[in-house]
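**Q** What follows is a predicted protein model with its sequence.
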Amino acid sequence: MSNTKVLPLLEPEVVAPCCPPLTERPLTADEAEKTARMFKALGDPVRLRLFSLVASHEGGEACVCDISDVGVSQPTVSHHLKKLKEAGLLTSERRGTWVYYRVEPPVVAAMRQMLGVA
């Protein structure tokens, strides 16, 4: 007799766009604040490069060990990754001694929708 237990699958968390498309209507103060936080995080060249490295990495996630060669020290990489997480652009998961980062597809879709890009 097997002691195997079937666990239910969790639905992935749906990330709703923070804001409507910019061409739809003017942003509210709260929407502008959320949008500015995201763009501010991406406004730094190192952060934009890290975001791109994670987003384009095979399998949709990247170990910090695979993306830390961006011309700055490891503590600086960690700082920038933290800022990207705080802006809601990355999620992370610790596996043993390494941390894996992921850009969730709904985040990119929300960015596209907000910018009105098909």
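**A** That came through, no problem.
**Q** Just want to check the distance between K85 and P75.
**A** 16 Å (Cβ to Cβ, to the nearest Å). The C-beta positions use only the backbone N, C-alpha and C, and glycine is treated the same way.
**Q** no no, Q113
**A** For Q113, the distance to P75 - Cβ to Cβ - is 35 Å.
**Q** cool, and K82?
**A** Taking Cβ to Cβ, one finds K82 at 11 Å from P75.
**Q** What are the boundaries of the helices in the protein?
**A** For the chain, the helices defined by DSSP state H occupy 29-42, 45-56, 64-67, 74-86, 105-115.
**Q** Need those helices in TSV (columns: mean pLDDT, mean neighbour count and distance to S92).
**A** As requested, the helices of the chain are arranged in TSV below (pLDDT from 0 to 100; neighbours: other Cβ atoms under 10 Å; distance: least, Cβ to Cβ, whole Å):
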stretch	mean pLDDT	mean neighbour count	distance to S92
helix 29-42	87	14	15
helix 45-56	94	18	10
helix 64-67	89	16	9
helix 74-86	93	16	6
helix 105-115	78	16	13
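**Q** so which of these gets nearest L22?
**A** Nearest to L22, of all these, is helix 105-115, at 6.5 Å by Cβ to Cβ.
**Q** Could you figure out how far that closest one is turned away from helix 29-42?
**A** 120 degrees (axes from the mean of the first three to the mean of the last three Cα atoms, to 10 degrees).
**Q** So that it lines up with my notes, have the first residue be 27 from now on.
**A** New numbering, starting at 27: the last item is helix 131-141.
**Q** Put the alpha carbons of helix 131-141 into PDB.
**A** C-alpha atoms of helix 131-141 as PDB (Å, rounded to 0.1, in the frame of the first residue of the first chain):
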ATOM      1  CA  PRO A 131       4.400  36.500 -17.200                       C
ATOM      2  CA  PRO A 132       1.400  38.500 -15.800                       C
ATOM      3  CA  VAL A 133       3.900  41.200 -14.800                       C
ATOM      4  CA  VAL A 134       5.100  41.600 -18.400                       C
ATOM      5  CA  ALA A 135       1.500  41.400 -19.700                       C
ATOM      6  CA  ALA A 136       0.400  44.100 -17.200                       C
ATOM      7  CA  MET A 137       3.300  46.300 -18.400                       C
ATOM      8  CA  ARG A 138       2.300  45.800 -22.000                       C
ATOM      9  CA  GLN A 139      -1.400  46.500 -21.300                       C
ATOM     10  CA  MET A 140      -0.500  49.700 -19.400                       C
ATOM     11  CA  LEU A 141       1.700  51.000 -22.300                       C
END
